[in-house]
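In: build me a model:
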Amino acid sequence: MATVSERLRWLRNSLNMSQTKFAGMMGSSQSALNRYENEQSEAPYKILLWYADYFDISLDYVFGRTDNPQGKQYGYEPETLKKKFANQEVWQEFVEACFDPSSPMNAKLKEMMMTIAGGADA
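Out: Now for the predicted structure:
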């Protein structure tokens, strides 16, 4: 699959690293990595998982299912979180308890947390 080999090569090149050095990091050989990057053989799932973990990317990206390195569902918010954040008063209490009131960044940190939680004003 051309997309996989292209993405693997691009990821390695993004580090300006030789095949030999990069292959050593992932516990493989330069010749194996060369085959993966040139579509001569498919990378085993353990190698693909290593790439995903090392670069903090989704396998959806590696396989060309999306051009977003975090994957198709990166912005997904589970229903349980939506329910927890629905009650802004409870969330506000949580945020208040998380930060030291004597910190000079206290107000800014609380504001950021409330924004993350759903756009409410702190």
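In: which residue packs closest to residue 58, ignoring adjacent ones?
Out: residue 71 (2.7 Å; C-beta to C-beta, 6 or more residues apart in numbering). To be clear about C-beta, it is placed using only N, CA and C from the backbone, and glycine gets the same treatment.
In: neighbours of the residue lying closest to residue 62 once chain neighbours are set aside, how many?
Out: Counting by C-beta to C-beta, 6+ apart, residue 62 lies nearest to residue 7, which is 5.2 Å off, once chain neighbours are set aside. Applying other C-beta atoms under 10 Å, we find 21 residues neighbouring residue 7.
In: distance from the centroid: which residue in this structure tops it?
Out: Ranked by distance from the centre of the chain (C-alpha atoms, centre = their mean), the top residue is residue 102, with 33.5 Å.
In: assign a three-state SS to that residue, would you?
Out: On the three-state scheme (DSSP: H, G, I helix; E, B strand; the rest coil), residue 102 is labelled coil.
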